[in-house]
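[1] Output the structure for:
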Amino acid sequence: MKRTVILFAVMAVSVVFSISSEATEKRLALVIGNAAYQNAPLKNPVNDARAMEKTLKSLGFTVWKGEDLSFQQMMKSVEDFGDELLKGGGVGLFYYSGHGMQHNGRNFLIPVNENITRENEIQYKSVDAGLVLAKMENARNRLNIVILDACRTSPIVRSARNPAQGLVHMDAPTGTIIAYATSPGKTASDGSGSNGLYTSELIRQMRVPGVGIEDMFKTVRKEVRVRSNGDQIPWESTSLEGSFYFADSGSIATEKPTPAQKPKYRLRSEPMTVSKDESWKVFKLKKNEKDRIPVEYIENDFKDNGYSTITDRATGLMWQKSGSDKSLTYDNTKLYIQEFNSKNFAGYTNWRLPTVDELKSLLTTNKQSDNLYINPIFDKKQKFCWTSDQQPISDVAWLINFDKCAVRYWYYSKYVYVRAVRSLK
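    Residues are numbered from 1 along each chain as shown. The predicted structure is shown next:
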């Protein structure tokens, strides 16, 4: 599914506010993720909405969130949000992820329960994005931001002969920034992981302290272009006269830390060279089992961090939730990890390949969803993953097979996925 994102930010005044005053002003947000469409279900909107909710809360926003909403529920949510803003919100933000279409020069957000069979039904069975913007403008906040993450080519309406592509471009009025996930008329990738490409990068950059909103979008544009190999280039139209910072320059936006919890299991983190004969004992595997099945399994204690990472409090490890989009040769895993750290993924630069002991800890005793031996909290694409452990034989490394619940080995030249890990301090 190809998707686009449009972000409108309406500045209520043209005065340049200091970062410190912005950090203390009231911030309100409405976040909606629609995915459970009967005829055209989507993969990422609910995940995107949940990740955005966590990010905005960490940035000082009070957030109302809705998932898989009907037309009536969406309208009520927008009305209620407008009422809250009228009470005196300094900054208002609306985020929507799901199907969206343009009709007669207007943009519409599609509820999950509406059966739209004709193009002329769109305006009666979906929510006009202009209504959302009007509600926010009416509140006369200092700053209003509307983020629309919607499909460009929607299969919702099949009867249109020449369906308009994506959402309508809007010029930015005074004090406004309009940011697109890709250039007008182009398509944006939904991403193969748990979050869309543009939204995942936007969430990451919003948390960087001391960066103005326009500079932030420049960074997002660069990173998305690189990650998409030039296929997707975000674009903005802006006439801002004031400034806005998502994160104060004096701090980084993260969730409040919870009291330190001592890991129940201590797993080896240093790579080893292990032969086939030694593997049974070193990796604690069942003897006479062709697939090298683990002798024991770990009682994991997972926590979804909302930034494409999962923490296992039982082992003191933070995992990449999805893993690499493509399978890689063993030599290329080093480049993958280097790029991961250079981008400060999830705010950290100490990501690495896991050892067999660490990656093996994700195996489950029974098959889960998609017939894989791994908790459904993780992405299911990465059925085989490299480890940092190798064999004495040249160009051979160990891997974990989540399809067979097994520890195996393969040549460096073979293509296998990567799921990065880091140790909690």
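[2] residues of stretch 372-380 that come out buried?
    Residues of stretch 372-380 classed as buried: 372-374, 377-379 (neighbour count, 16 or more other Cβ atoms under 10 Å). C-beta: built from backbone N, CA, C; applies to glycine.
[3] Also stretch 233-246?
    Quick answer for stretch 233-246 (16+ other Cβ under 10 Å): 233-238, 240, 242-246.
[4] if we can go back for a sec, please identify which of the buried residues of stretch 372-380 is nearest to residue 72.
    residue 377 (31.9 Å; Cβ to Cβ).
[5] wait, doesn't the closest one sit right on residue 310?
    Yes. Applying Cβ atoms under 8 Å, one finds residue 377 in contact with residue 310, separated by 5.9 Å.
[6] what's the overlap in contacts for these two?
    By Cβ atoms under 8 Å, 6 or more residues apart in numbering, residue 377 and residue 310 have these common neighbours: 302, 304, 321.
[7] Mind checking which of those residues land in helices?
    Among the shared contacts of residue 377 and residue 310, DSSP state H puts none in helices.
[8] And those residues, which of them are buried?
    Using 16+ other Cβ under 10 Å, the buried ones in the shared contacts of residue 377 and residue 310 are 304, 321.
[9] Take the shared contacts of residue 377 and residue 310 and lay them out in TSV including pLDDT and distance to residue 399.
    Shown next, in TSV, are the shared contacts of residue 377 and residue 310 (pLDDT from 0 to 100; distance: Cβ to Cβ, whole Å):
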residue	pLDDT	distance to residue 399
302	89	22
304	80	25
321	88	19
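[10] Nearest to residue 229 among the shared contacts of residue 377 and residue 310?
    Within these, the smallest distance to residue 229 is 22.4 Å, found for residue 321 (Cβ to Cβ).
[11] List phi and psi for the closest one.
    Main-chain dihedrals, residue 321, degrees, to the nearest 10: phi -70, psi -40.
[12] what domains does the record give for this structure?
    For the chain, automatic domain parsing gives the domain ranges 2-238, 276-423.
[13] Ends of the shortest one, what's the gap?
    It refers to domain 276-423. 27 Å (Cα to Cα, to the nearest Å).
[14] when you give positions from now on, start the count at 13
    With the count now opening at 13, the last piece we talked about shows up as domain 288-435.
[15] which regions of this structure sit below the pLDDT cut-off?
    The model of the chain has pLDDT under 70 over residues 13-36, 101, 163-178, 182-188, 196-205, 251-253, 261-273, 300-302, 318-319, 437.
[16] So which residues of it form helices?
    31-36, 57-70, 83-98, 134-137, 141-150, 209-218, 225-239, 288-294, 342-354, 368-372.
[17] Tell me which of those sits nearest to residue 428.
    helix 342-354 (7.5 Å).
[18] wait, isn't residue 67 in contact with residue 218?
    Yes. Counting by Cβ under 8 Å, residue 218 is a contact partner of residue 67 at 6.0 Å.
[19] what about residue 369, distance to residue 327?
    Computed as Cβ to Cβ, to the nearest Å, the residue 369 to residue 327 distance reads 9 Å.
[20] before we move on, the earlier item: for the helices of the chain, give me CSV that also has distance to residue 310 and mean neighbour count.
    Shown next, in CSV, are the helices of the chain (distance: least, Cβ to Cβ, whole Å; neighbours: other Cβ atoms under 10 Å):
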stretch, distance to residue 310, mean neighbour count
helix 31-36, 41, 14
helix 57-70, 25, 24
helix 83-98, 40, 17
helix 134-137, 49, 16
helix 141-150, 46, 19
helix 209-218, 28, 24
helix 225-239, 33, 18
helix 288-294, 17, 14
helix 342-354, 24, 15
helix 368-372, 8, 25
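[21] Turn those helices into CSV, columns for distance to residue 281.
    Formatted as CSV, those follow (distance: least, Cβ to Cβ, whole Å):
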stretch, distance to residue 281
helix 31-36, 37
helix 57-70, 27
helix 83-98, 45
helix 134-137, 54
helix 141-150, 48
helix 209-218, 25
helix 225-239, 28
helix 288-294, 15
helix 342-354, 14
helix 368-372, 7
